[in-house]
Structure formats: structure tokens, C-alpha cells
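> coords below, sequence missing:
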């Protein structure tokens with residue numbers, strides 16, 4: 001397959017950066033200073049990056065209280081309203097941070113050797129970005145915006161062009177509608193799936209497909225559009241890609257796909273596929289048939305970005321799922337050995353069915369059960385009730401007979417399931433942990449799934465924390481849950497009262513364990 005052409009590179013010194021952005025240094029960096037990229041999160045800082053100070057002008061940025069000597073050493077980018085009293089660091093002050101970043105990105109896009117890959121879709125874009133970043137990191141240095149996929153996050157990450165060999169950028173629908181890819185102008189763009197989400201904002205799936213496919217509108221003529229051939233409205237996405245003049249590569253289960261999934265063995269994770277004129281067989285450590293399908297799109301995007309196909313295929317077995325993204329964990333909770341499938345970061349009808357299929361492929365222990373802990377699917381508009389009711393049949397087909405539900409929209413599914421399985425409904429996720437933990441059986445397999453706003457992810461995180469209790473306490477099922485809830489309440493009381501450095505450290509630990517903050 002065609003590989004991306006190399007781009008030029010250049011470095012900006014402090015005066016050149018000030019001229020480009022229309023800003024002024026309130027204190028100059030050393031003469032040898034060169035622009036080394038942009039950091040918009042204290043958790044993702046890399047040495048040499050200019051730090052964006054949080055401002056009302058941008059959704060992302062580093063809060064004033066998180067700025068320390070290490071972060072500020074390479075300089076700060078700030079708006080006039082930024083309070084930087086007491087901070088000793090080079091500061092580039094600009095009137096408009098968004099306009100300054102647009103000017104910077106335009107310059108970098110013309111003078112950067114970095115190959116930019118943009119990814120969007122209703123389902124699978126974050127996992128695809130994670131796999132893509134992992135594969136490309138074996139071919140060179142990679143920068144990624146993680147889940148900061150709104151317009152401001154794409155713009156901030158585009159400011160890292162020229163600081164790595166590859167840039168992997170996740171792009172939300174909001175970012176597409178605000179023209180983020182017109183600023184980034186990626187060399188490769190990948191569209192994973194289009195399914196009914198955000199339906200309160202669109203007239204139907206055809207319109208949503210066209211909006212998602214706008215990721216292809218600003219590809220260069222030597223770029224590559226990677227499209228899921230199984231899309232219901234594939235032709236609409238293809239037409240937009242063709243107008244850009246870019247090369248089109250398709251993937252899916254359709255016989256017409258350039259990269260076609262032939263078989264997937266759930267037990268071993270082995271994927272068998274036809275990739276152009278080649279036959280591939282590889283192991284994928286991300287579980288589920290849906291991920292096997294998405295891996296083909298990722299491989300096509302990686303190869304189009306210039307990666308060696310045989311080398312990246314071998315690395316598919318070494319990637320680890322992120323928390324909340326089909327991550328399978330073995331835990332000991334209340335003295336019981338259980339398996340947790342944490343797919344709780346977000347949900348749509350298509351991703352719910354994919355998660356049920358993954359749960360069905362996992363075998364409980366001899367006394368274990370398959371349990372689904374589900375929260376509302378949000379942003380479905382007038383289709384919400386019908387889409388929640390429609391989950392009943394896939395649940396039955398997957399052999400899931402124990403279901404815990406929370407949220408108003410899940411009323412519809414509870415009513416549909418009431419006669420066919422054990423189902424309990426809760427008003428909020430905060431009510432779910434205690435009954436779930438006290439009813440655990442040895443060998444249970446538990447799926448957590450819901451839209452981000454449903455907060456089901458917090459129940460998964462609490463269960464993960466509960467597994468950390470000392471073994472003598474954990475063996476006492478009822479006492480361990482009571483002890484955990486007591487400790488949790490005490491921490492919630494103490495955390496806002498702790499000194500700022502300790503509070504930041506505790507929050508970081510909680511984020512690593514599952515995003516309770």
C-alpha cells in the first residue's frame with residue numbers, strides 16, 4: 001500500500017514563536033531555547049514542552065495550582081487573564097490563545113516532518129487510537145491527544161506537529177463540526193463505525209455518517225482515507241473521501257473490503273484476514289470480535305502512515321486495554337475470585353451489543369454467573385426508549401441472566417427483561433456497589449457498561465478499590481463492604497481539606513484506579 005511522503009521540519013526559537021503567535025515574552029527563555037511542543041495537561045507533560053495555562057478561552061490547559069517548577073521550566077503560554085503571580089518562568093503572553101495556536105499549527109503543518117493520523121467514529125475511536133499509537137511507537141516517536149477529542153484538544157495536539165514522527169489525533173463530532181481537521185489537515189484519516197449516537201442533534205444515520213465522514217474533506221491528494229466498508233451508508237462516506245482526491249482503503253467483513261476479516265477466535269484472540277493480496281493471521285490482545293474488526297482499520301491506517309506492515313502486525317499481541325475500554329481484570333473481592341470486564345467509559349447501541357458478545361465469550365467459574373451492570377445510553381433523542389428496549393434480545397442471546405441497571409432510560413430495558421432474567425434497577429450508581437459486592441459468587445464474570453454521564457464507571461472503580469482491602473478483612477464479605485464504605489466516606493470528607501500537593505497526589509492515584517475524580 002502507498003506510504004505517506006516525508007515532510008519538511010523546522011524549529012522555532014523564542015522570538016520567532018512570538019512573531020508567529022502575535023505574543024510577547026514577559027520574561028525570555030535562554031537563547032538556546034527552541035519550541036518543543038505544547039502541553040495542555042499536567043498528567044501528560046513531556047520535557048521541553050511549552051505549557052498552556054488554563055484560561056476561559058480554551059477547554060483544556062493546566063490549572064494554576066498545578067504549575068510547579070518542573071512543569072514551568074520550559075515556558076508557559078498564557079492569556080492576559082492568567083494569574084501567574086509567584087511563578088518564575090519564561091511566559092509567552094498572547095491576546096487570543098485559540099488564534100495563536102491556529103497560526104502556530106498552520107506554520108507547523110507546512111514545515112513539519114510529522115505524519116498526522118486522525119480517527120473518528122461513533123464507536124471504537126479511542127481503542128483504535130490506543131492500538132494505533134502502540135503500533136506506531138514501534139516505528140518511531142508518537143504524540144497523541146488521548147481522549148481530549150473536542151476541538152480545543154485537537155488544536156492543542158496539532159501544536160505538537162514537528163515534535164514526533166507520528167501524531168495520532170482522536171476527533172469527536174463536535175471537533176469535526178467546528179473545523180478541527182481543516183486546521184490539522186491530516187495525512188491519513190480513519191472512520192471506524194457510525195451508529196445511533198447524538199441522535200438528538202441529527203435527522204438520521206445518513207446525516208450523521210456525512211458529518212463523521214467530513215474527517216476526509218481536508219486530506220491531501222497523496223493522503224489516505226480508511227473507511228469501514230460495513231457502514232450502512234458507506235457510499236456517502238466514500239463520496240466525501242473521493243472529493244478530496246485521496247486514496248481510499250476499506251476494511252470490514254464485506255467481501256468488497258480491501259482489508260477483510262475472515263475469522264476471529266475469541267479464546268486465543270487470533271485474527272485471520274485478507275489484507276489486500278496478502279493473508280494475515282495474528283494475535284490481538286484487545287478482546288472481542290469488534291476489536292478484531294477495528295484492528296484491520298488500524299493496520300491499514302498505520303501502513304498508510306508509513307509503518308512496516310509485518311512489524312506492526314506482530315505488535316498487535318502486546319497492546320494493553322485502557323481502563324474503561326474492554327479491559328479484562330482478575331480481582332479478588334470479598335474473598336471471591338471474579339473477572340471484571342470494564343467497558344464503562346462510554347456506550348451506544350452498537351457498543352453495548354459488542355460488549356454483550358465479549359461477555360458471552362468469557363466462561364464463568366463452576367459456580368459463577370455472567371452479570372451485566374448497565375447504565376443509561378445518553379444522547380439518543382427520541383429513539384432512546386426503543387434503543388434501550390432493543391438491548392433485551394442481545395442480552396438473552398448472550399446468555400446473560402443477571403442484570404443490574406441504573407438510570408431513568410434503563411426503566412425501558414427493565415420492563416422488557418423482567419420475565420426472562422434476574423434484573424434489579426437502581427436510581428443511581430451509588431446504590432449499586434453494596435448489593436453487587438455482597439451477592440458475588442466465586443467465578444463470576446461482570447461487565448460494566450454505560451455512557452460516561454451514567455457514572456457506571458464509578459462502580460467498576462469502587463469494586464477495583466474494594467479488591468485492595470487486606471485479605472483477612474476481604475474474606476469477611478459483609479464486613480469488608482462496610483469497612484470499604486466507611487473508609488471511602490472518610491476519604492471523601494478528608495480529601496478537600498488536605499494540603500494541595502497531597503490532594504493532587506491522591507487524585508492522581510484515584511484516576512489511575514478508575515477515574516473516581
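All right, it came through fine. What you see is a predicted model, and the numbers here were worked out from it, not measured in a lab.
> could you check the pLDDT of residue 146?
Turning to residue 146, the model gives it a pLDDT of 72.
> same question, the one 10 residues further on
In the predicted model, residue 156 carries a pLDDT score of 93.
> helices or strands up against the helix or strand containing residue 463?
Residue 463 belongs to helix 456-466 when assigned by DSSP states H and E. Applying 3 or more CB pairs under 8 Å, 6 or more residues apart in numbering; DSSP states H and E, one finds that helix 456-466 makes contact with strand 327-333, strand 336-343, strand 370-375, helix 433-438, strand 445-449, helix 477-494, helix 500-513. Every C-beta, even on glycine, is put in place using the N, C-alpha and C of the backbone.
> count of neighbours near the nearest residue to residue 443 once chain neighbours are set aside?
Using CB to CB, 6 or more residues apart in numbering and skipping residues adjacent in sequence, the residue nearest residue 443 is residue 365, 1.8 Å away. Residue 365 has 15 neighbours, counted by other CB atoms under 10 Å.
> before we move on, what about residue 261?
Other residues near residue 261 number 21, with proximity taken as other CB under 10 Å.
> got the phi/psi numbers for it?
Dihedral pair for residue 261: phi -80, psi 120, per degrees, to the nearest 10.
> what sits against it?
251, 252, 253, 271, 272, 273, 292, 293, 296 (CB atoms under 8 Å, 6 or more residues apart in numbering).
> just the pLDDT for it.
97.
> what bridges to it?
Applying DSSP bridges to residue 261 gives these bridge partners: residue 273.
> tell me the mean pLDDT over stretch 423-439?
Averaged over stretch 423-439, pLDDT sits at 89.
> list the contacts of it.
Stretch 423-439 is contacted from outside by 333-334, 371, 373, 375, 402-406, 410-411, 414, 417, 446, 454-456, 458-459, 462-463, 466, 477-478, 480-481, 485, using CB under 8 Å, 6+ apart.
> put the buried members of these into a ChimeraX selection.
Buried members of these, defined by 16 or more other CB atoms under 10 Å, are picked up in ChimeraX with:
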select :333,334,371,373,375,402,403,404,405,406,410,414,417,446,454,455,456,458,459,462,463,466,477,480,481
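> if we can go back for a sec, confirm the residue nearest to residue 443 sits in a strand?
No: counting by DSSP: H, G, I helix; E, B strand; the rest coil, residue 365 is not found in a strand; it is coil.
> tell me the contacts of it?
The contact partners of residue 365, by CB under 8 Å, 6+ apart, come to 337, 442, 443, 444.
> next one: the closest residue to residue 366 other than its chain neighbours from residue 370, what distance?
Leaving out its chain neighbours, the residue that sits closest to residue 366 by CB to CB, 6+ apart is residue 443, at 6.2 Å. Here the criterion is CB to CB, to the nearest Å. By it, residue 443 lies 10 Å from residue 370.
> those two - which one has more neighbours?
Between residue 443 and residue 370, counting by other CB under 10 Å, residue 370 is the more crowded of the two (23 against 16).
> mind checking how far the more buried one is from residue 147?
Separation of residue 370 from residue 147 (CB to CB): 28 Å.
> burial of residue 399, as a residue count?
13.
> what do you get for residue 192?
Residues lying near residue 192 (other CB under 10 Å) number 27.
> which among the contacts of residue 261 count as buried?
251, 252, 253, 271, 273, 292, 293, 296.
> these two touch, right, residue 327 and residue 345?
No: checked against CB atoms under 8 Å, the pair residue 327 and residue 345 is beyond contact range at 9.5 Å.
> more neighbours, these two?
Applying other CB under 10 Å to residue 327 and residue 345 shows that residue 345 carries more neighbours, namely 24 against 20.
> pretty sure that one sits in a helix.
No: Residue 345 is assigned coil when assessed by three-state DSSP, not a helix.
> secondary structure class for the residue lying closest to it once chain neighbours are set aside?
Distances taken as CB to CB, 6+ apart put residue 324 closest to residue 345, at 3.3 Å, once the chain neighbours are dropped. Classification of residue 324 using three-state DSSP returns coil.
> shouldn't residue 324 be in contact with residue 340?
No: counting by CB under 8 Å, residue 324 does not reach residue 340; the two are 11.3 Å apart.
> overlap of the contact sets of the two?
In terms of CB under 8 Å, 6+ apart, residue 324 and residue 340 are both contacted by the residues residue 460.
> which ones among the buried ones among the contacts of residue 261 map onto strands?
Among these, DSSP state E puts 251, 252, 271, 273 in strands.
> if we ignore the residues flanking it in sequence, what's nearest residue 99?
Counting by CB to CB, 6+ apart, the nearest residue to residue 99 once its immediate chain neighbours are dropped is residue 22, at 7.4 Å.
> partner residues bridging residue 92?
Taking DSSP bridges as the rule, residue 92 bridges to residue 25, residue 77.
> state the distance from it to residue 11.
Using CB to CB, residue 92 is found at 16 Å from residue 11.
> more neighbours: those two, which one.
The residue with more neighbours, out of residue 92 and residue 11, is residue 92; 22 against 12, by other CB under 10 Å.
> okay but the more buried one is in contact with residue 22, surely?
No: judged on CB under 8 Å, residue 92 makes no contact with residue 22 at a distance of 10.3 Å.
> show me the shaky parts of the stretch 401-517 of the chain.
In the predicted model of the stretch 401-517 of the chain, residues 469-517 satisfy pLDDT under 70.
> cutoff 80 now
The stretch 401-517 of the chain contains residues with pLDDT under 80 at 418-420, 468-517.
> again with the stretch 101-250 of the chain
In the predicted model of the stretch 101-250 of the chain, residues 145-147, 195-203 satisfy pLDDT under 80.
> just the helices from it, written as ranges.
Along the stretch 101-250 of the chain, counting by DSSP state H, counting those that start in this stretch, helices occupy 125-136, 151-158, 173-177, 180-184, 205-212, 234-244.
> can you list the contacts of residue 261 in CSV and add pLDDT and distance to residue 216?
Formatted as CSV, the contacts of residue 261 follow (pLDDT from 0 to 100; distance: CB to CB, whole Å):
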residue, pLDDT, distance to residue 216
251, 98, 15
252, 97, 17
253, 96, 22
271, 97, 26
272, 97, 29
273, 97, 23
292, 95, 24
293, 96, 20
296, 98, 18
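> which one among those gets closest to residue 358?
Lowest distance from residue 358 to the contacts of residue 261 (CB to CB) belongs to residue 292, with 11.0 Å.
> surely the closest one meets residue 271?
Yes: between residue 292 and residue 271 there is a contact under CB under 8 Å: 4.6 Å.
> that older thread, so how far is residue 225 from the residue nearest to residue 443?
Distance of residue 365 to residue 225, computed by CB to CB: 46 Å.
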